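>>> Build me a structure from this.
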Amino acid sequence: MFELLITMTERIGIIVTIAFIVTRLRFFRTMLSRDKLTSVQQVHAVLVFGVLGIIGTYTGLTVHPDSLALNKWMLEVSQEEAIANSRVVGIVMAGLFGGWKIGLGAGLIAGLHRFTLGGFTSLACGLASILAGILAGVFRKKGGQIRFSKALFLGALAESLQMLIILLLARPYEQALSLVGYIGLPMIVANGIGCALFVLIIRSVVNEEQKAAAQQAQTSLRIARQTLGYMRQGMKMESAEAVCRILFKEVRASAIAMTDQRVILAHIGIGDDHHVAGRPLQTEVTRHVIEQGEMLIVDNEEIHCQKQGCPLGAAVIGPLKQGGQTVGTLKFYFRSKKEITHVTTELMSGLTMLLSYQLEAAQLVEAKELAREAEIKALQAQIHPHFLFNTMNTILSLTRIDVVKARKLLRSLSDYIRKNLTAATAERATLLEELQHLRSYLNIEEIRFEDKLTIHYDVKESALQAMVPALTLQPLVENCIRHGFRNRTEHCVIHIEITGDPMTGVSVLIRDNGEGIEEERLQQLGIQRIESSSGTGLAVFNVSRRLTLMYGSGASLQIKSSEHRGTEVKFHIPSVTTSGRSDP
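Coordinates of the predicted model:
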């Protein structure tokens, strides 16, 4: 019995080796990660585990129940002999990993095969194989990890069941009893150990895969964090070089390169003496990747480097896409194709997808920014047609009665229009420039109002170097005149106060004695666009939003108003330098 136990344990090593091979099959890894398999995957699983059971049979030993003699290799089975084997290992694993259907299928294959070999235990062993698969499937827990102890127990239990069936079905009974007494314990122990070792190997492989996946995920996230700022700049040589340097530190490659559709943007690593940024694409495989949008793995013959003795012997080339179109490539170079592993290709696939997403995100941000700037510039550049027509009519009238005043008004209009056009191409202006533009506008309005409009200025000179979005003051004052004084013909007064200092903060206040604003409209003004008979509030909304974008929510417009008692608009510019950037 002891000799049989030792020999059976040795044979289990064959099954364990096969278990290691099975873990390399893709379908098996899929089966481990899913609770439900497709029909094709189920067939594959049944066949593999069924064959594993057959191998367990062939690696067994034939035993004569009378003499209890062992044959080291099972070449044939006589009617008086039985087989001490490890068939149960494959069948139990089928049930544990795939469920009772897979266990039943594998048990049928291995059991029918055992039945065809003959021997006085053939029927009992064949039936026991089928029942072992069903038994293991019943113990399977979906989504749960198979424990070492469970595999050990089920392997021993399935083999114990087989011993019981041999006693019940095999005849003559005396031979069956003698056989079970000799092979029972060794087979129960050996097959229990075999199932447990099978599970340990699978768990080890899975843990290694998970560890590798976690490390790859960490690498990808680290690369994403480091490259995001550069990829936002688009496909430029400076940003490409920075990205390639980051990847060169993270990826075990001989060189890293990036191209657009026409030229090499960057090349870091060996071969940089002739793979130089700015040169046209040198290989057909790069053009092929750009045209097809698919990753390629190439060797030295396919790279076709133009320089003799180039140390770059292999490459993985992945497409970089933007808006569904391939706009460039990312390349990992190696000295030999042998250095390219599955992890390398998976990393390339993930990185090209990641960098492509960053390019598309940058494109969306750029498009949004361009649209915002276009809207702002359109608002900045617009001149209210009624204001222009009224001013021109006033100038025309003055040319007959007061040429000097007409000349002054025409100069103010010229300055006003010039500033509007200049502001369409500028983002920022000093309060001094804003005040000069505002004076040009108010000079026109004071003449048009025929001394019924009074402007009071309270301006601290040191505050005028603070930066604000271009065309901030004029739209606010224009609102006072167009809406606050629309029903007034006299005593129209506007106070303009600019106080503070750029180093400590500047406050701007514009107050009128006009009609005021209704409470319901006041709550929405400056926060959103408002549709009403008196206007949309778009100019105020535009100014408030641009102040917020430049200096944060604390710089947004603060509006106070009472009906028939006037309106006050105020905003605060935080501590800034003359460049408009907030101090630390």
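>>> quick one, strands of the stretch 251-400 of the chain?
255-260, 264-269, 296-299, 314-322, 325-334 (DSSP state E, counting those that start in this stretch).
>>> packing partners for the fourth one?
Think strand 314-322. For strand 314-322, the helices and strands in contact under the criterion 3 or more Cβ pairs under 8 Å, 6 or more residues apart in numbering; DSSP states H and E are helix 284-292, strand 296-299, helix 300-303, strand 325-334, helix 342-381. To be clear about C-beta, it is placed using only N, CA and C from the backbone, and glycine gets the same treatment.
>>> again, but for the second one
Packed against strand 264-269 by the contact rule (3+ Cβ pairs under 8 Å, 6+ apart) you find helix 237-250, strand 255-260.
>>> Can you get me the centre-to-centre distance for the one helix or strand N479 maps to and its chain?
For N479, the host element (DSSP states H and E) is helix 473-479. Relative to its chain's centre, helix 473-479 lies at 45 Å (Cα atoms, centre = their mean, to the nearest Å).
>>> Can you tell me what sits against that helix?
The contact list for helix 473-479 (Cβ atoms under 8 Å, 6 or more residues apart in numbering) reads 384, 387, 431, 434-435, 437-438, 441-442, 494, 496, 508, 510, 539-540, 542-543, 569.
>>> Now that helix: buried residues?
Within helix 473-479, the residues that count as buried by 16 or more other Cβ atoms under 10 Å are 473-479.
>>> One more: stretch 146-162?
For stretch 146-162, the neighbour count (16+ other Cβ under 10 Å) marks 146, 150-152, 154-162 as buried.
>>> Equivalent analysis for stretch 341-359, please.
344, 347-348, 350-352, 354-356, 358-359.
>>> same question, stretch 235-250
Counting neighbours by 16+ other Cβ under 10 Å, stretch 235-250 gives 235, 239-244, 246-248, 250 as buried.
>>> Looking at pLDDT only, which of the residues you listed scores worst?
Taken together, the buried residues of stretch 235-250 show their lowest pLDDT at M235, with 82.
>>> measure T17 to G194 for me?
11 Å (Cβ to Cβ, to the nearest Å).
>>> Report the angle between the longest helix belonging to the chain and helix 237-250.
Using DSSP state H to assign secondary structure, the helix with the most residues in the chain is helix 173-231. Going by axes from the mean of the first three to the mean of the last three Cα atoms, to 10 degrees, helix 173-231 is angled at 150 degrees with respect to helix 237-250.
>>> pLDDT on helix 173-231, on average?
Mean predicted lDDT for helix 173-231 stands at 83.
>>> One more: stretch 23-30?
pLDDT averaged over stretch 23-30 gives 71.
>>> Also stretch 519-531?
Averaged across stretch 519-531, pLDDT comes to 63.
>>> Downstream of the helix or strand of the chain with the lowest mean pLDDT, the next helix or strand is which one?
Least confident element among the helices and strands of the chain, by mean pLDDT, DSSP states H and E: strand 70-71 (a mean of 62). Next helix or strand after strand 70-71 toward the C-terminus (DSSP H and E): strand 82-84.
>>> immediately after that following strand, which helix or strand?
Defined by DSSP H and E, the subsequent element after strand 82-84 is helix 87-98.
>>> helices or strands up against that following helix?
helix 2-22, helix 26-33, helix 39-58, helix 100-117, helix 122-138, helix 148-169, helix 173-231.
>>> picking up where we left off before, please identify the deepest-packed of the helices and strands packed on strand 314-322.
strand 325-334 (a mean of 23; mean count of other Cβ atoms under 10 Å).
>>> Give me the helices and strands touching that one, please.
Strand 325-334 packs on strand 255-260, helix 284-292, strand 314-322, helix 342-381, going by 3+ Cβ pairs under 8 Å, 6+ apart.
>>> check contacts around A190.
Counted by Cβ under 8 Å, 6+ apart, A190 has contacts 5, 8-9, 11-12, 86.
>>> if we go to 6 Å?
By Cβ atoms under 6 Å, 6 or more residues apart in numbering, the contact set of A190 is 8-9, 12.
>>> Repeat that for L169.
L169 neighbours (Cβ under 6 Å, 6+ apart): 123-124.
>>> distance of it from R287?
For L169, the distance to R287 - Cβ to Cβ - is 71 Å.
>>> Contact partners for Q306?
Counting by Cβ under 6 Å, 6+ apart, Q306 has contacts Q282.
>>> Over to it: give its phi and psi.
phi -80, psi -10 (degrees, to the nearest 10).
>>> Also the one 3 residues further on?
With angles defined as degrees, to the nearest 10, G309 sits at phi 80, psi 20.
>>> Number of residues surrounding it?
For G309, the count of nearby residues is 5 (other Cβ atoms under 10 Å).
>>> which stretches of the stretch 1-150 of the chain have low pLDDT?
Counting by pLDDT under 70, the stretch 1-150 of the chain has low-confidence residues at 1-2, 26-27, 29-35, 66-75, 142-145.
>>> let's see it at 90
1-42, 44-45, 48, 52, 55-86, 96-100, 118-120, 137-150 (pLDDT under 90).
>>> A240 is in contact with A266, isn't it?
Yes - taking contacts as Cβ atoms under 6 Å, A240 lies within contact range of A266: 4.1 Å.
>>> shared neighbours, the two?
Joint contacts of A240 and A266 (Cβ under 6 Å, 6+ apart) are M258.
>>> what angle separates the longest helix of the chain from helix 148-169?
150 degrees.
>>> Check the offset of helix 173-231 from the chain's centre.
So, by Cα atoms, centre = their mean, the centroid of helix 173-231 is 30 Å from its chain's centroid.
>>> Show me the beta-bridge partners of the nearest residue to Q363 once chain neighbours are set aside.
Excluding its sequence neighbours, the residue lying closest to Q363 (Cβ to Cβ, 6 or more residues apart in numbering) is Q322, at 5.9 Å. Beta-bridge partners of Q322, counted by DSSP bridges, are Q325.
>>> Please tell me how far Q322 sits from L351.
15 Å.
>>> circling back: can you lay out the buried residues of stretch 235-250 as CSV showing distance to R411?
Shown next, in CSV, are the buried residues of stretch 235-250 (distance: Cβ to Cβ, whole Å):
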residue, distance to R411
M235, 49
S239, 48
A240, 52
E241, 53
A242, 52
V243, 54
C244, 57
I246, 57
L247, 61
F248, 62
E250, 64
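>>> Go through these and say which is closest to I340.
For the buried residues of stretch 235-250, the residue nearest I340 by Cβ to Cβ is L247; the value is 15.5 Å.
>>> So that closest one sits against A257, correct?
No - assessed by Cβ under 6 Å, L247 is found out of contact with A257, at 9.7 Å.
>>> helices and strands around whichever strand or helix holds H572, which ones?
Take DSSP H and E as the rule and H572 turns out to sit in strand 566-573. Contacts defined by 3 or more Cβ pairs under 6 Å, 6 or more residues apart in numbering; DSSP states H and E place strand 566-573 against strand 505-512, strand 558-562.
>>> in the stretch 401-550 of the chain, which ranges drop under the pLDDT threshold?
Judged by pLDDT under 90, the stretches of the stretch 401-550 of the chain that qualify are 401-429, 437, 440-453, 469-472, 474-475, 478-491, 501-504, 514-550.
>>> so where do the helices sit in the stretch 401-550 of the chain?
403-423, 431-448, 473-479, 519-524, 538-551 (DSSP state H, counting those that start in this stretch).
>>> helices or strands up against the shortest one?
This means helix 519-524. Helix 519-524 packs on no helix or strand, going by 3+ Cβ pairs under 6 Å, 6+ apart.
>>> Using PDB, write out every CA atom in it.
What follows is helix 519-524, C-alpha atoms only, in PDB (Å, rounded to 0.1, in the frame of the first residue of the first chain):
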ATOM      1  CA  GLU A 519     -36.600  92.400  -7.800                       C
ATOM      2  CA  GLU A 520     -37.300  89.300  -9.900                       C
ATOM      3  CA  ARG A 521     -35.000  90.500 -12.700                       C
ATOM      4  CA  LEU A 522     -32.300  91.600 -10.300                       C
ATOM      5  CA  GLN A 523     -31.900  88.100  -8.800                       C
ATOM      6  CA  GLN A 524     -31.000  86.700 -12.300                       C
END
